[in-house]
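Student: using only what follows, build the 3D model:
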Amino acid sequence: MPINKNKNNSSGPLAGLLVIDASQGIAGPYCGATLASYGARVIKIDPPQGDWGRNVGYRYGSLSTYAIAYNQGKESIVLDLKKPEDLDCLYRLVAEADIFMESSRPGVAEKIGIDFETLKGHNPSLVYLSVSGFGQTGPYAERPCTDGVAQAYSGLVNGNVGLDGQPHKLDLPIVDITTGLYAFQSISMALFQRMKTGEAQYLDVNLVTSALEVQRAKLFEVCVEGESVAKLNVPSGIYECDSGNVAIALATEEHYARLVKALDAPELIEAPKFATFADRADHADELRSRIGEILARQTNQYWEETLGKAGIIVNAINSLQDVVEDKQFAEGGALHPVEHPGVGTFMVPVMPLRDITLPPAPELGQDTEAVLRELTTATK
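Tutor: Below is the predicted model of the structure:
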């Protein structure tokens, strides 16, 4: 009797698929949690000390805020893959699985015995995902890489200039999260391809490539135009107000005309140096300084209302707390409350076809006995 791939009784589009998630941190686990949210059964392989991602954010026993967010809907078993008997358990799980995920540095999986070629021998139709920092080959392949390093290396930090004129790292593991999404996308396409061929597939998804993918248009500009790339639709951006900050986006020349009229600053459209987006990019500092002086006279809420009525794309800079409490999400159904035992209630975004009622993220090893018992029964 095979292992029950639909143990969670899901009706989602990935119901009936078994995922063995041996990845750690954020990127791989986020991919695994996304697979679970679409119906797959995901068994997380924790080392004896636990996935290091269990220590990222506020701690709640063997979990943390990030571990809760990116491991929801999984089961956790503890295996010490340095022990032959535990490695054999993994091989038996892989033989039943559809997808295997790992995030060790290049070369480590082979040393342990969980590399693609080895696991393909146990399952010739396995979809195998490796998540790394710089990829599996090249001079930086074994170089340590985190989200912050990927942001710095890929140019994301350099392109994220703040009001102080300095480049800044985004205080969010955005590259990890993006990598998790691209990993999910890659697995989805690999499953589709497997329907045609039935063959095992190896997927190499890494942080730096993911960070470059989100900069595709900028990458094109740099390759074609060189380093002196014009700022996007000047004077779009963030401005300080009398109270709080405001974000203004200008998609068309008409938006700029409306902005100038709402600011009662006709000189900003009459001057030839401010005639087009290209001209304004050449005089960005001067233009932004003048607009900043005007915006600083009123609060961000005032400008959100005033500029909004003028047909300009604008919003006050919110905190996450502001978003959670906003009527758009309270009444619009975009967020759903989820209760985690012993921790409290948190909100998850509602996405098409995704199950928002998944079991909470597992404590370290909470399912070891049950899964190994099931595996023993299945392989008799």
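Student: tabulate the CA atom coordinates of stretch 2-10 in PDB.
Tutor: This file holds the C-alpha atoms of stretch 2-10, laid out as PDB (Å, rounded to 0.1, in the frame of the first residue of the first chain):
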ATOM      1  CA  PRO A   2       1.600   3.300  -1.100                       C
ATOM      2  CA  ILE A   3       2.000   6.300   1.300                       C
ATOM      3  CA  ASN A   4      -1.100   8.500   1.400                       C
ATOM      4  CA  LYS A   5      -0.300  11.500  -0.800                       C
ATOM      5  CA  ASN A   6      -3.700  13.100  -0.100                       C
ATOM      6  CA  LYS A   7      -3.600  12.700   3.700                       C
ATOM      7  CA  ASN A   8      -4.800  16.300   4.100                       C
ATOM      8  CA  ASN A   9      -8.000  15.600   2.100                       C
ATOM      9  CA  SER A  10      -7.300  18.600  -0.100                       C
END
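Student: next, the buried residues of that stretch.
Tutor: By neighbour count on 16 or more other C-beta atoms under 10 Å, the buried set for stretch 2-10 is 3, 5, 8, 10. From N, CA and C alone the C-beta is placed, and that goes for glycine too.
Student: from residue 92, how far off is the last one?
Tutor: When distances are taken as C-beta to C-beta, to the nearest Å, residue 10 and residue 92 turn out to be 23 Å apart.
Student: kindly report the same for the first one.
Tutor: According to C-beta to C-beta, residue 3 stands 9 Å off from residue 92.
Student: mutual contacts of the two, please.
Tutor: For the pair residue 3 and residue 92, residues contacting each of them under the criterion C-beta atoms under 8 Å, 6 or more residues apart in numbering are residue 375.
Student: residue 291 and residue 239 touch, don't they?
Tutor: Yes. Counting by C-beta atoms under 8 Å, residue 291 touches residue 239, with 6.7 Å between them.
Student: what are the buried residues along whichever strand or helix holds residue 90?
Tutor: Under DSSP states H and E, the secondary-structure element containing residue 90 is helix 84-96. Burial within helix 84-96, assessed by neighbour count using 16+ other C-beta under 10 Å, is assigned to 86-87, 89-96.
Student: just checking, what packs against the helix or strand that comes right after it?
Tutor: Towards the C-terminus, the helix or strand next in line after helix 84-96, according to DSSP H and E, is strand 99-102. Counting contacts by 3 or more C-beta pairs under 8 Å, 6 or more residues apart in numbering; DSSP states H and E, strand 99-102 is packed against strand 18-21, helix 27-37, strand 127-132, helix 174-197.
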